[in-house]
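# Task: produce atomic coordinates for the following.
(2 chains)
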Amino acid sequence: TQLLEQSPQFLSIQEGENLTVYCNSSSVFSSLQWYRQEPGEGPVLLVTVVTGGEVKKLKRLTFQFGDARKDSSLHITAAQPGDTGLYLCAGEVNYGGATNKLIFGTGTLLAVQP
Amino acid sequence: ETGVTQTPRHLVMGMTNKKSLKCEQHLGHNAMYWYKQSAKKPLELMFVYNFKEQTENNSVPSRFSPECPNSSHLFLHLHTLQPEDSALYLCASSQATDDGYGYTFGSGTRLTVV
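This next block holds a predicted model:
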């Protein structure tokens, strides 16, 4: 059974601080996706990383996929209150041409105080 | 309207009731998914449909019955639920076999079983 552990589970920081969220697994994934979910809404895709070692930047957010494609990190620079939300990593599993499916991580709840 | 639409947004039902959740996508995707999101648990994949064919039933109790009449619509029929089935039920769509293709989620149905 694939399992994705995220750390930390909860994070409360002040506006302007930097933070890193980690997503770890013992399984290899064909891609690793990051989502943000706000209260009362569904998760929204932030980024997909596919190649081991890949780094993607989205404004103040930097995403990295581990070389072995088992882990990932999300770094936020100069956090803002609008970054508040539940951050979810998700590993993609592909059974040789069949429908892909996503296995979600345990989530990191981020609160950025003004 | 674009994206993934779920109705109703909120549902309260008794344990002897029968109700249905509806999901509709206007993105031209060929795969649709039902996920369950409970407090303090990762998103749990329930059902996967690819081109209207169910490709996965993730050991879900028979009191949950999915239906996919076409690639744009997905239903989840509920009957004789238990209080522990109270959760946020999320529908998502994607392109089934494209690696790295993210999911688009609906806003979810908040279900309370009394």
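# Give me the phi and psi for the closest residue to chain B within chain A.
Among all residues of chain A, residue A:42 sits closest to chain B, at 3.1 Å; criterion: CB to the nearest CB. No exception for glycine: its C-beta is placed from N, CA and C like everyone else's. Main-chain torsions, residue A:42, degrees, to the nearest 10: phi -80, psi 160.
# I'd say it and residue B:89 touch.
No: using CB atoms under 8 Å, residue A:42 makes no contact with residue B:89, being 10.3 Å away.
# what sits in contact with each of those two?
B:6, B:108 (CB atoms under 8 Å, 6 or more residues apart in numbering or on different chains).
# low-confidence ranges in chain A?
Scanning chain A for pLDDT under 70 picks out A:1-2, A:95-99.
# which parts of it sit against chain B?
A:4, A:30-31, A:33, A:35, A:40-45, A:48, A:50, A:88, A:90, A:92, A:94, A:97-107 (CB under 8 Å from any CB of the partner chain).
# among those residues, which are in strands?
Taking DSSP state E, the ones among the residues of chain A next to chain B that sit in strands are A:31, A:33, A:35, A:44-45, A:48, A:88, A:90, A:92, A:101-104.
# Please list only the buried members of these.
A:31, A:33, A:35, A:45, A:48, A:88, A:90, A:92, A:101-104 (16 or more other CB atoms under 10 Å in any protein chain shown).
# could I get those as TSV with distance to residue B:77?
TSV is the format used below for those (distance: CB to CB, whole Å):
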residue	distance to residue B:77
A:31	32
A:33	29
A:35	27
A:45	28
A:48	32
A:88	27
A:90	26
A:92	28
A:101	22
A:102	24
A:103	25
A:104	24
